[in-house]
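# what's the 3D shape of this:
(2 chains)
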2 protein chains.
Amino acid sequence: MDYRARQAAARQRLEGAGVEALVVAHLPNIRYLTGFSGSNALLLLEAAGAWLYTDGRYREQAKQEVREAKVEIPPKGDLWKAAAQRARRRRRVGMEAEHVTLAQSARWRENWAGNGKNLMPLRGEIEALRAVKEREEITAIQRAVELASSGFAKLTAKLRPGMKETAAAGWLEYQLRLAGAEGLAFETILAGGAHGALVHAHPGGERLPERGFVVVDYGVRLGGYCSDMTRTLHLGEPSRKARAVYAAVLEAQQAAMAAVKPGVACAAVDRAARRVIAKAGWGGYFPHSTGHGVGLEIHEAPRLGAASKERLAAGQVITIEPGVYIPGWGGVRIEDVVVVTERGAEGLTPTPKQLLQL
Amino acid sequence: MDYRARQAAARQRLEGAGVEALVVAHLPNIRYLTGFSGSNALLLLEAAGAWLYTDGRYREQAKQEVREAKVEIPPKGDLWKAAAQRARRRRRVGMEAEHVTLAQSARWRENWAGNGKNLMPLRGEIEALRAVKEREEITAIQRAVELASSGFAKLTAKLRPGMKETAAAGWLEYQLRLAGAEGLAFETILAGGAHGALVHAHPGGERLPERGFVVVDYGVRLGGYCSDMTRTLHLGEPSRKARAVYAAVLEAQQAAMAAVKPGVACAAVDRAARRVIAKAGWGGYFPHSTGHGVGLEIHEAPRLGAASKERLAAGQVITIEPGVYIPGWGGVRIEDVVVVTERGAEGLTPTPKQLLQL
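As a prediction, this is how the structure comes out:
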């Protein structure tokens, strides 16, 4: 990863925003700019250099990981004071408004503020850089996606009616670990029958039904990058209604994938999925957006929802994941990871999407 | 869980802070006050009632979970606008300064601010309530701790030199899932040999050494509550140095546990551990604090570090986890969960602490 080039691009954005420095508080942004993967850090990015503040737990790790920034471990773990003091001669400083808390910015001001100084709330500066992936990043995401997909076959070989959801999720996660996953990208969703009607149902004491859908939504981290996939399988013989719902979601997913192209409005991709589901009669049962960017974070720019103002760009990596959820009955969601290419979309998720009956 | 009593206690604190309402943005605080466990919510707590804002994904889940609050799903997912509008007649509103971002508070102000209105940054109001656990909460934590402990024996039965760290961590996590864990409380740390010298090393492609320490730090969630434990085992015959380091850490851990009592300064518990490690000659190799509260969150009040200003109180549940980390060689950490009782400390973690050689 070329941290120097990334920081150069970030500095250009600082210039555009009219600030002398940016306080980067969001850990994935810090990782993107310096390589540091610890859980506590603050980065001060200036034209002349970059300073990374962390605590004593990460002294060794910072030495090994951090590129293109000086590492400092301030006394008493007061990262905000240390960074503010370092920047005391700067008069216009940008701060990540979506990630800095009121308490943190107050601490900064106590150690920095003065006459004629300006703290500028900025939004999405580093996220905008991160939205378009480098080739090396796409390769990393693809590896994560393929590792995750390999686990799905191992899950379906084991799934049985009556199994506890937690046991099924655990088996899947173990297979992912054996395949080399560094960790999970988010908490696995594995929910059968009516439980699957909760969009973000986490596995609980519930047992899988004799007959009904099972939604499985999971991801891994590998090389720091996330995968994200959902498949919905059916235990027992699907009813006519089950087949109809599944077919509608699959068609919606394919319609949205077909709509992906550089320059297309993210909202248009969302509409492409929503139109199919509405036409099939389930318009009121698709309560989330169609997708989101994926990378160092499981949810990142761009968003693909009805209210999205963004347009797709080549090099973005996004999910396409429409769903239908019927309270008391069950849910269906199908999700792939897709690269936006010059000519359209390249799906990265190799797992088949036809209705799988176990 | 008595949400009504919790909200009553929270309202008393609001009165004490001189505000008419509190904007609760921190999800564990929202869960504590209403039972809602979704990943997106905002709670407006007033003397006359409570309103919980979330998005369409959680419509069903909110219906099932939320107690003592009205649920609203605002258009376009704009929780901050909706809550601000609801509170428009309030003139003094508290906001969780440690959890609200600059962007969120700006959104609030756009929809709320006016002449003579005051937004008061508050800190730790709900966290202070949460620090002292109800009996039912201690039982929930104990169940989580016992479930997690049961996995450790299954891990040690499987661990071998040369195993990949990710595979070992995956096996452990699978056993935890089989035992019924809802999820992990944090990313498992499992690091052998020199890798264990990184305090927060996550399992990577590394293989476990033929001879050396393996640090295993993990936790589960059960009933929403977290466990947290660390054990360090040794592969092969421990050297004299290994035995000495282990003995120092164990003695430090026991000294800190013996120091736990209501009214004792948290910093004094930290000192009790640190003194033993310094005396053994490893004073420079213990770069983190001795412990932290545990509950709905894996890290919560109180903190047990050198700079802590808090004092222990009966009903708190904390970790005691000193460690020694020698760069290029390895690390040792031993961690139990402990309830502060009227008479001292009650350890909840049943797993033995003597040096285990595999």
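# which parts of the helix or strand hosting A:Arg243 are buried?
Element membership of A:Arg243 [criterion: DSSP states H and E] is helix A:240-259. Buried residues in helix A:240-259, defined by neighbour count with 16 or more other CB atoms under 10 Å in any protein chain shown: A:242, A:245-246, A:248-257, A:259. Heads up, the C-betas are built off the backbone N, CA and C, glycines and all.
# repeat for stretch A:97-116
By neighbour count, and taking 16+ other CB under 10 Å as the criterion, the buried residues in stretch A:97-116 are A:97-105, A:107-108, A:111-112.
# ok, back up a step: for the buried residues of helix A:240-259, which one is nearest B:Glu60?
A:Val245 (16.3 Å; CB to CB).
# Tell me who's in contact with the closest one.
A:Val245 is in contact with A:280, A:282, A:324, A:326, A:332, counting by CB atoms under 8 Å, 6 or more residues apart in numbering or on different chains.
# The first one and A:Ala244 touch, don't they?
By that I understand A:Ala280. Yes - using CB atoms under 8 Å as the test, A:Ala280 is close enough to A:Ala244 to be in contact (6.9 Å).
# in the buried residues of stretch A:97-116, which two residues are the furthest apart from each other?
Checking these against each other with CB to CB, the farthest-apart pair comes out as A:Glu98 and A:Asn111, at 22.1 Å.
# Which residue is it, in the stretch 201-350 of chain A, that comes closest to chain B?
Of all residues in the stretch 201-350 of chain A, A:Pro287 sits closest to chain B, with a separation of 3.3 Å (CB to the nearest CB).
# coming back round to it: how about the contacts of A:Val245, which pair is most distant?
For these, the farthest-apart pair by CB to CB is A:Ala280 and A:Ile326; their separation is 12.4 Å.
# among the buried residues of stretch A:97-116, which are in reach of chain B?
Contacts with chain B are made by A:97-103, A:105 out of these, judged by CB under 8 Å from any CB of the partner chain.
# Over to the residue positioned nearest the centre of chain A. Which of the three states is it?
Geometric centre of chain A, nearest residue: A:Ile298, 1.6 Å, by CA atoms, centre = their mean. Assigned with DSSP: H, G, I helix; E, B strand; the rest coil, A:Ile298 falls in the coil class.
# Let me know the distance separating A:Leu235 from A:Leu198.
To A:Leu198, A:Leu235 is 18 Å away according to CB to CB, to the nearest Å.
# Looking at those two, which is more packed in?
A:Leu198 (24 against 21; other CB atoms under 10 Å in any protein chain shown).
# so what's the more buried one up against?
Residues A:191, A:325, A:331, B:60-61, B:64 are the ones in contact with A:Leu198 under the rule CB under 8 Å, 6+ apart.
# just the helices in the stretch 101-250 of chain A please.
Taking DSSP state H, counting those that start in this stretch as the test, the helices found in the stretch 101-250 of chain A are A:102-112, A:125-131, A:135-156, A:165-178, A:240-259.
# now what about the longest one, what contacts it?
Going back to what we said before, that points to helix A:135-156. Residues outside helix A:135-156 that contact it (CB under 8 Å, 6+ apart): A:1, A:133, A:168, A:171-172, A:175-176, A:179-181, A:185, A:216, A:218-227, A:229, A:231, A:233, A:294-295, A:315, A:317, A:337, A:339, A:348-351, A:356, A:358.
# From those residues, list the ones also adjacent to chain B.
Cross-checking those against chain B (CB under 8 Å from any CB) gives A:171, A:175-176, A:180-181 as the overlapping residues.
# In a markdown table: those residues, plus distance to B:Gly77, pLDDT and neighbour count.
Below are those laid out as a markdown table (distance: CB to CB, whole Å; pLDDT from 0 to 100; neighbours: other CB atoms under 10 Å in any protein chain shown):
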| residue | distance to B:Gly77 | pLDDT | neighbour count |
| --- | --- | --- | --- |
| A:Trp171 | 34 | 95 | 21 |
| A:Gln175 | 35 | 96 | 22 |
| A:Leu176 | 31 | 96 | 30 |
| A:Gly180 | 36 | 91 | 18 |
| A:Ala181 | 31 | 92 | 25 |
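# and which of the residues you listed is nearest chain B?
Using CB to the nearest CB, those come closest to chain B at A:Gly180, 5.7 Å.
# I figured that closest one was touching A:Leu222, is that so?
Yes - distance between A:Gly180 and A:Leu222: 7.0 Å, which falls inside the contact criterion (CB under 8 Å).
# touching chain B at all, stretch A:261-278?
No - no part of stretch A:261-278 sits near chain B under the criterion CB under 8 Å from any CB; the closest distance found is 12.1 Å.
# Now that stretch: buried residues?
Taking 16+ other CB under 10 Å as the neighbour-count basis, stretch A:261-278 is seen to contain the buried residues A:261-262, A:264-274, A:276-278.
# sorry, back to before: next, format the buried residues of helix A:240-259 as a markdown table and append distance to A:Leu304 and pLDDT.
Compiled in a markdown table, the buried residues of helix A:240-259 are given as follows (distance: CB to CB, whole Å; pLDDT from 0 to 100):
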| residue | distance to A:Leu304 | pLDDT |
| --- | --- | --- |
| A:Ala242 | 26 | 98 |
| A:Val245 | 21 | 98 |
| A:Tyr246 | 21 | 98 |
| A:Ala248 | 18 | 98 |
| A:Val249 | 16 | 98 |
| A:Leu250 | 18 | 98 |
| A:Glu251 | 17 | 98 |
| A:Ala252 | 13 | 98 |
| A:Gln253 | 12 | 98 |
| A:Gln254 | 15 | 98 |
| A:Ala255 | 13 | 98 |
| A:Ala256 | 8 | 98 |
| A:Met257 | 11 | 98 |
| A:Ala259 | 10 | 98 |
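# Please convert the residues you listed to TSV, extending it with distance to B:Ser150.
Shown next, in TSV, are the buried residues of helix A:240-259 (distance: CB to CB, whole Å):
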residue	distance to B:Ser150
A:Ala242	38
A:Val245	40
A:Tyr246	39
A:Ala248	44
A:Val249	39
A:Leu250	41
A:Glu251	46
A:Ala252	44
A:Gln253	41
A:Gln254	45
A:Ala255	48
A:Ala256	44
A:Met257	44
A:Ala259	50
